[in-house]
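J.: Predicted structure and sequence below. I'll ask about it afterward.
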Amino acid sequence: MATRHDWSLDDIQALFHKPFNDLVFDAQSLHRQHFDPNQVQVSTLLSIKTGACPEDCGYCSQSAKNDTGLERERLMPLDEVITNALAAKEKGATRFCMGAAWRNPTDKNLDKVIDMISAVRDMGMETCVTLGMLSGDQAGRLRDAGLDYYNHNLDTSPEFYGNVITTRTYQDRLDTISHVRDAGINVCSGGILGMGESRKDRAAMLQELANMPKHPESVPINMLVRIEGTPLFGNEDLDHLEFIRTIAVARILMPESYVRLSAGRTDMTDEMQALCYFAGANSIFYGDQLLTTDNPETDKDRQLFERLGLNMEEKIETEIKAAKTCHAPAEAVGENPGLSPS
Ligand code: SAM
Ligand code: DTB
Ligand code: SF4
């Protein structure tokens, strides 16, 4: 079946309404046509610039508008980034993602991030950054630096968006994603579940992603991490089966994309995570910390992988290898040996 980019909201809602077993079976069947079902891509995340963000994202510990007690930090020095990236590589991560609490990077800050990207690439790891909004020129500079992925989430549906963020429009986000795509950088874009949105909103967010001219290569699905001091702190827990359904629908809509079981895993049982993998999730954040909150400890993830017979993906996927040949030296896109879990 050809990959589609013309999903209607009704089509997607009909997927959500399927009996759970049928939906997850369909997602797993499609998953197997495109991926090794027992391989999971692992990325490690680092906050390179924490807190005092001028945006008002209702879920975020780092917004200056939210009184979360988070200490503001300056941009991390290069040597500290390198130390963290080496530790991540040692533990088996193949991609290193650096996040900054900015509305958008200044050109001067971008110079510093470019140095970080070069240093991490020199270690043989894939690179990802998430720095807020980007202009076309800035995306071009990141492409020239050899950046592999840019993360910029839609977060939710266009309709629900205004309940969560007012300082940046949905169209701003779509524009940044277009700049990243046009520059030839792999797109990482997804959203957050459990912010009080309806199933229709979840379907509409996935529709936005799935109807892009090219699907994001990576689709992070975050479960809201409820952080004290944020407007969304008191939100009700989302039904975990609904979260798994959303993973399955994302898998069906974007069969060639990596679907990342992203933030919120510390609140998920092993069985819930196993079902997410079965529904088509094949990527995680791996490392004891996300940006400002905890992630499951690496030993715990290794144990779960062992119990499930899952392996950490060691090599970079072919499609992305091909996309990279235009700007990456051959040695940086080869296999990453010796990183399988013990
Ligand atoms: N400042 C940049 C931006 O927002 O574009 C990059 C970093 S920002 C923290 C990256 C993404 O992390 C957000 O778009 C959101 O999807 C996710 N995120 C942040 N806080 C979260 C939370 N409490 N729970 C779940 N996901 C969260
Ligand atoms: C994404 O979709 N999730 C990550 C990453 N992209 C940058 C961030 C999750 C943050 C969770 C809350 C925190 O640690 O502050
Ligand atoms: Fe700032 Fe990003 Fe947090 Fe929004 S999600 S407040 S832009 S760091």
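T.: Yes, it's here. Ligands and ions are numbered 1, 2, ... in the order given.
J.: can you tell me which residues contact Gln33?
T.: Pro255 (CB atoms under 8 Å, 6 or more residues apart in numbering). Where C-beta positions appear, they are placed from N, C-alpha and C, glycine not excepted.
J.: Can you list the helices and strands that whichever strand in the chain runs longest packs against?
T.: Using DSSP state E, we find that the single longest strand of the chain is strand 39-49. The contact analysis (3 or more CB pairs under 8 Å, 6 or more residues apart in numbering; DSSP states H and E) places strand 39-49 against helix 78-91, strand 95-100, helix 107-122, strand 258-261, strand 283-285, strand 311-312.
J.: and the first one, what does it pack onto?
T.: Helices and strands in packing contact with helix 78-91 are listed as strand 39-49, strand 95-100, helix 107-122; criterion 3+ CB pairs under 8 Å, 6+ apart.
J.: Could you dump those into a markdown table and include mean neighbour count, distance to ligand 3 and mean pLDDT?
T.: A markdown table is the format used below for these (neighbours: other CB atoms under 10 Å; distance: least, CB to the nearest ligand atom, whole Å; pLDDT from 0 to 100):
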| stretch | mean neighbour count | distance to ligand 3 | mean pLDDT |
| --- | --- | --- | --- |
| strand 39-49 | 23 | 9 | 96 |
| strand 95-100 | 25 | 7 | 97 |
| helix 107-122 | 18 | 14 | 95 |
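J.: Show me the one of these that comes nearest Val164.
T.: Between Val164 and the helices and strands packed on helix 78-91, the shortest gap by CB to CB is with strand 95-100, which sits at 18.2 Å.
J.: and that closest one, how far from the chain's centre?
T.: 10 Å (CA atoms, centre = their mean, to the nearest Å).
J.: Direction included, what does it pair against?
T.: Strand pairing for strand 95-100, determined by DSSP bridges: strand 39-49 (parallel), strand 126-130 (parallel).
J.: would a markdown table of the ones you listed with distance to ligand 1 be doable?
T.: Formatted as a markdown table, the strands paired with strand 95-100 follow (distance: least, CB to the nearest ligand atom, whole Å):
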| stretch | distance to ligand 1 |
| --- | --- |
| strand 39-49 | 8 |
| strand 126-130 | 4 |
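J.: okay if I get those strands as a markdown table plus distance to Gly162?
T.: Output for the strands paired with strand 95-100, formatted as a markdown table (distance: least, CB to CB, whole Å):
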| stretch | distance to Gly162 |
| --- | --- |
| strand 39-49 | 27 |
| strand 126-130 | 22 |
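J.: of those, which approaches ligand 2 most closely?
T.: strand 126-130 (4.7 Å; CB to the nearest ligand atom).
J.: tell me the pLDDT at the residue most central in space within the chain?
T.: Central residue of the chain (CA atoms, centre = their mean): Pro220, 3.5 Å from the mean position. Note on Pro220: pLDDT of 98.
J.: Who is it paired with across the strands?
T.: Under the criterion used here (DSSP bridges), Pro220 is bridged to Arg260.
J.: if we can go back for a sec, would you reformat the helices and strands packed on strand 39-49 as CSV and include distance to Ile12?
T.: Converted to CSV, the helices and strands packed on strand 39-49 look like this (distance: least, CB to CB, whole Å):
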stretch, distance to Ile12
helix 78-91, 35
strand 95-100, 28
helix 107-122, 35
strand 258-261, 15
strand 283-285, 21
strand 311-312, 31
